[in-house]
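Peer 1: The sequence isn't on hand, but the structure is:
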């Protein structure tokens, strides 16, 4: 779990670097087999959403992690970054309000990651 915690912190820091808003990490381990953790955040426009996603990609690859899949970069309304045990959802503000993953996965407990959160 230490490695997952490290990965979560890397993802959250990368989101913070690009001024992502309302960053939360959800412990998904006992909720679904999809991933151990979801990191969810949003940007206010497509350019910021792309910048956040690129920041996450660069940061995790720099630490030696592999991106399994990255989807949604063209439209930049909801970019999903699959890093194995952690999945990062970078939303445009409007899409985040619409899909509201925090409510959908309401059984998951929030993970405290940084003081900025």
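Peer 2: Sure thing, it's come through. From a predicted model like this one, the values you see are computed outputs, not experimental measurements.

Peer 1: Can you tell me the closest non-neighbouring residue to residue 107?
Peer 2: Nearest residue to residue 107, sequence neighbours excluded (C-beta to C-beta, 6 or more residues apart in numbering): residue 31, at 5.1 Å. Placement of C-beta: from N, CA and C, glycine included.

Peer 1: looking at this, the one you found is in a strand?
Peer 2: No - under DSSP: H, G, I helix; E, B strand; the rest coil, residue 31 falls outside any strand and is assigned coil.

Peer 1: Wait, it touches residue 108, no?
Peer 2: Yes - the pair residue 31 / residue 108 is scored as a contact, 4.7 Å apart, by C-beta atoms under 8 Å.

Peer 1: Helix, strand or coil: sort out the spatially most central residue of the chain for me.
Peer 2: By C-alpha atoms, centre = their mean, the mean C-alpha position of the chain lies nearest to residue 88, the distance being 2.4 Å. Under the three-state scheme (three-state DSSP), residue 88 adopts strand.

Peer 1: does it have beta-bridge partners, and which?
Peer 2: For residue 88, the residues forming beta bridges with it (DSSP bridges) are residue 39, residue 81.

Peer 1: Looks like it contacts residue 39 (just checking).
Peer 2: Yes - counting by C-beta under 8 Å, residue 88 does reach residue 39; the two are 4.5 Å apart.
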